[in-house]
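Peer 1: Attaching a predicted model along with its sequence, questions to come.
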Amino acid sequence: MYDRRILIDALAHRPLLRRMVRPLVAVAAFVVAGVGGFSVLGGAGLVDAAFWLLDPTSIELHYQTHEGPATLVKAYAIVILTGLIGTGLWAGETFVSAAFGGQIREELDQMKLHREIAELESHVIVCGYGTFGKTVAARLREMGRDVVVVESKEAGYQRARDADLLAVEGDARREDRLTDAGVERAATVVGAIDDSKVNIQIAIAASRLSPDAKLVVRAGDQMDEALARRAGADEVVVPEIVSGEQVCSGL
């Protein structure tokens, strides 16, 4: 079950891998069919059958000194080789189109990104990269803290990456997105989205995955603040109140 989950997760995060699976499986199927078919039809051992697959001319040489269904085996070899050529071209075309389309570079960058996140400890996860989340992430970086942004909108995710921030694209209410952000090792999770209910849901999900992490929730008003604290938030920020207090303090 664990291996299957790893495979599903790998496919979900690797579009190129998803595209390559079908042609590679097809190639493997023809290889297995070729070796198995040569063994059954021609009575060859597995090693000889594999050699016939690599060098079909050896079939002709074999039947010059051995009795057997030479015509049938040769016809079968043509079918298998045709299939191998077709599926090989399919796999090659998929790989080349990905290479020239920049997908390989993109996936290598994603692998590097996931590795860097996996190495973090006691970092801060900022969920949402709007004005509030962007400000929080910038201040944390100025303080020397490691930050991972989780952003559901592609444009926001790209802005975070352009700012040289580690980021995960997806809905922070989903436990797998929080896991990708390293929530089990995070010191703090900040719900910075402009929607109190979503931030509360993020806090609930984060508390299940990492009970020891500090939960900071952005709320729209004092009523939302009470709900957030009942949901387990350690700290609730109401931006309008904070900004109002800052204005008054400067008067």
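Peer 2: Perfect, I can see it now.
Peer 1: helices or strands up against the helix ranked longest in the chain?
Peer 2: Counting residues, the longest helix in the chain under DSSP state H turns out to be helix 70-100. On a contact count with 3 or more C-beta pairs under 8 Å, 6 or more residues apart in numbering; DSSP states H and E, helix 70-100 meets helix 15-42, helix 46-54, helix 57-65. (Each C-beta comes from the backbone N, C-alpha and C, glycine too.)
Peer 1: mean confidence for that helix?
Peer 2: For helix 70-100, mean pLDDT is 86.
Peer 1: can you pull the buried residues of that helix?
Peer 2: 73, 76, 77, 80, 83, 84, 87, 90, 91, 94, 95, 98 (16 or more other C-beta atoms under 10 Å).
Peer 1: want to throw the residues you listed into a markdown table with distance to residue 148?
Peer 2: As requested, the buried residues of helix 70-100 are exported to a markdown table (distance: C-beta to C-beta, whole Å):
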| residue | distance to residue 148 |
| --- | --- |
| 73 | 59 |
| 76 | 55 |
| 77 | 54 |
| 80 | 49 |
| 83 | 46 |
| 84 | 44 |
| 87 | 40 |
| 90 | 38 |
| 91 | 35 |
| 94 | 32 |
| 95 | 31 |
| 98 | 27 |
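Peer 1: between the longest helix of the chain and helix 46-54, how many degrees?
Peer 2: Interaxial angle, helix 70-100 versus helix 46-54 (axes from the mean of the first three to the mean of the last three C-alpha atoms, to 10 degrees): 70 degrees.
Peer 1: Now do helix 70-100: distance to the chain's middle.
Peer 2: Distance of helix 70-100 from the chain centroid (C-alpha atoms, centre = their mean, to the nearest Å) equals 30 Å.
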